[in-house]
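Undergrad: pasting the sequence and the predicted coordinates here, then a few questions.
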Amino acid sequence: MAITAEIITIGDEILYGQTLDTNSHWISSALDAINIKVFQKTTIGDTRDHILTAFREAENRANIILITGGLGPTKDDLTKPLLAEYFGVPLRLNEEALEEITSLFARAGRTMTDPNRKQAELPEGCLKITNRMGTAPGMWMERDNRVFISMPGVPYEMKNMMQEVLLPKLAARFGQGAIFHKIVRTVGVPESHLASLISDWEDQLPAHLKLAYLPSMGQVKLRLTGYGDNEQVLKQEVHEAIKQVLPVIKKHIYGYDEDELESVIGQWLKQQNKTLGTAESCTGGHLAGMITSVPGSSAYYKGTIVSYDNEVKESLLDVPAEMIEKHGAVSEEVVKTMAENVRKKLKVDVGLATSGIAGPDGGTVEKPVGTIWIAYADDKKTIAKKLNFTKDRKLNIQFSALAALNLFRLNFLSN
């Protein structure tokens with residue numbers, strides 16, 4: 001019998017669109033990894049009748065009901081008292097939970113209030129799940145072979161609780177057979193084109209190996225999942241299947257599993273003892289932000305010159321005013337000069353540059369909004385590429401930074 005789960009997200013702020021529900025996305029992925037399928041997600045507001053109805057309906061449908069939100073210290077946080085009501089039990093002070101909350105406040109140098117003390121009151125008979133990142137304990141409650149799990153809505157508190165306690169406990173209780181995932185990360189190739197490239201290979205996959213396309217901004221993740229009885233056998237089969245398709249898509253692949261393009265680029269730079277600098281116009285520092293999001297990036301990244309205004313291009317990057325006048329700031333000539341000169345100015349091995357019309361205004365017939373030039377320069381060559389993106393400013397900035405990193409990928413290892 002398949003084990004099924006339902007996720008209930010509680011909070012008016014989610015219904016109103018004030019807070020993005022990232023919890024259910026993360027929980028679904030984590031449960032899938034232990035072969036527990038989420039078949040429904042429900043979002044409800046902070047209303048007694050709606051919450052109780054959601055509990056009842058979920059209990060009729062699923063083996064496992066995971067609840068996030070509504071565990072705070074204020075009066076509109078209803079999850080805990082309504083769980084107690086639903087199970088027909090009183091709330092009791094849990095001394096262990098009280099000690100944990102008290103210690104957390106002491107470490108932070110804060111005074112615990114009465115509402116915080118009440119967070120240590122839990123439904124009688126529940127299993128307390130320690131919250132190492134906050135003040136709201138989690139709860140595990142069972143009835144008629146159904147498990148209710150209540151967790152905080154704060155994402156990092158929920159994730160820590162799931163990873164440290166709940167996922168191992170759920171796997172031991174409900175685990176069925178073996179499951180193995182492998183993710184192949186590609187960049188710069190549209191999902192439709194990628195699907196066309198690997199269509200024959202996909203058609204030949206055995207029934208117990210499933211392929212999923214996971215597109216995101218400028219990237220597509222290929223997730224190959226094996227289902228069976230032996231994890232080692234599945235791992236070998238998945239790796240062999242990926243080995244077979246590599247010749248077809250290798251030029252689009254930058255990494256696997258949890259790799260991010262900026263971290264992979266950092267590894268290459270460190271391995272070759274090379275340094276990188278950037279010159280940004282339309283991206284306004286976003287490219288630098290991606291690069292420096294990687295721990296240890298100071299070992300290879302020296303900095304950026306955000307030359308948003310043409311005067312800054314001229315004064316800090318030595319772009320000739322006549323060049324800008326003749327070709328425009330958004331041009332092959334200017335972006336190449338930016339990449340070459342930031343390399344010299346910052347004394348780095350590689351320079352990357354961006355210049356474009358992010359929008360929503362500033363476009364012309366010849367250069368509409370979304371026209372972007374990016375460039376790569378090292379001691380052997382300078383390469384520029386023209387791109388045409390969207391009319392959305394934020395997307396254009398993000399696409400441009402990612403495209404610049406991909407241009408680095410395509411040229412750095414070819415030296």
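TA: Right, received. Where do you want to start? Small disclaimer: the values here were computed from a predicted structure and weren't measured.
Undergrad: what about residue 379, how many neighbours?
TA: 8 (other Cβ atoms under 10 Å). Where C-beta positions appear, they are placed from N, C-alpha and C, glycine not excepted.
Undergrad: swap that for residue 168, sorry
TA: 13.
Undergrad: confidence score at it?
TA: As predicted, residue 168 sits at a pLDDT of 86.
Undergrad: centre of the chain to the helix or strand encompassing it, how far?
TA: Assigned by DSSP states H and E, residue 168 belongs to helix 167-174. Centroid separation for helix 167-174 versus its chain: 24 Å, with Cα atoms, centre = their mean, to the nearest Å.
Undergrad: touching that helix from outside, list them.
TA: 3, 30-31, 34, 36, 63-64, 140, 147 (Cβ atoms under 8 Å, 6 or more residues apart in numbering).
Undergrad: and if we set it to 10 Å?
TA: 3-5, 27, 30-31, 33-36, 63-64, 66, 127, 129, 140, 142, 147, 149, 161-162, 175 (Cβ atoms under 10 Å, 6 or more residues apart in numbering).
Undergrad: show me the shaky parts of the protein.
TA: Residue ranges of the chain with pLDDT under 70: 1, 176, 415.
Undergrad: how does it look with 80?
TA: For the chain, residues meeting the criterion pLDDT under 80 lie at 1-2, 33, 107-108, 175-179, 414-415.
Undergrad: what about residue 13, neighbour count?
TA: Residue 13 has 14 nearby residues by other Cβ under 10 Å.
Undergrad: elements contacting the strand or helix carrying it?
TA: In the assignment (DSSP H and E), residue 13 maps to helix 12-15. Helix 12-15 sits against strand 37-44, with contacts defined as 3 or more Cβ pairs under 10 Å, 6 or more residues apart in numbering; DSSP states H and E.
Undergrad: quick one: contacts of the strand it packs on?
TA: With Cβ under 10 Å, 6+ apart as the criterion, strand 37-44 contacts 2-12, 14-15, 21, 23-25, 27-32, 50-51, 53-55, 57-58, 61-67, 69-70, 176.
Undergrad: give me the distance from stretch 20-36 to the chain's centre.
TA: Using Cα atoms, centre = their mean, the offset of stretch 20-36 from its chain centre is 12 Å.
Undergrad: returning to what we had before: for the next helix or strand after the helix holding residue 13, buried residues please.
TA: Next in sequence after helix 12-15, counting helices and strands by DSSP H and E, comes helix 23-32. For helix 23-32, the neighbour count (16 or more other Cβ atoms under 10 Å) marks 23-24, 27-28, 30-32 as buried.
Undergrad: for helix 23-32, output the C-alpha coordinates as CSV.
TA: Written as CSV, here are the backbone C-alpha positions of helix 23-32 (Å, rounded to 0.1, in the frame of the first residue of the first chain):
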residue,chain,number,x,y,z
ASN,A,23,7.8,25.3,3.1
SER,A,24,5.4,22.9,1.2
HIS,A,25,7.8,22.9,-1.8
TRP,A,26,10.7,21.9,0.4
ILE,A,27,8.8,19.4,2.4
SER,A,28,7.5,17.7,-0.8
SER,A,29,11.0,17.3,-2.1
ALA,A,30,12.3,16.0,1.3
LEU,A,31,9.5,13.4,1.6
ASP,A,32,10.0,12.3,-2.0
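Undergrad: might one say that residue 65 is in contact with residue 9?
TA: No. If you go by Cβ atoms under 10 Å, residue 65 and residue 9 don't touch, sitting 11.8 Å apart.
Undergrad: find the residues that touch each one of those two.
TA: Counting by Cβ under 10 Å, 6+ apart, the residues touching both residue 65 and residue 9 are 42, 54.
Undergrad: what packs against the helix or strand containing residue 338?
TA: Here residue 338 sits within helix 332-345, counting by DSSP H and E. If you count contacts as 3+ Cβ pairs under 10 Å, 6+ apart, helix 332-345 packs onto strand 276-280, strand 301-306, helix 310-317, helix 321-327, strand 350-356, strand 371-377, strand 382-388, helix 393-412.
Undergrad: picking up where we left off before, out of the buried residues of helix 23-32, which one sits closest to residue 365?
TA: The nearest member of these to residue 365, counting by Cβ to Cβ, is residue 24 at 45.2 Å.
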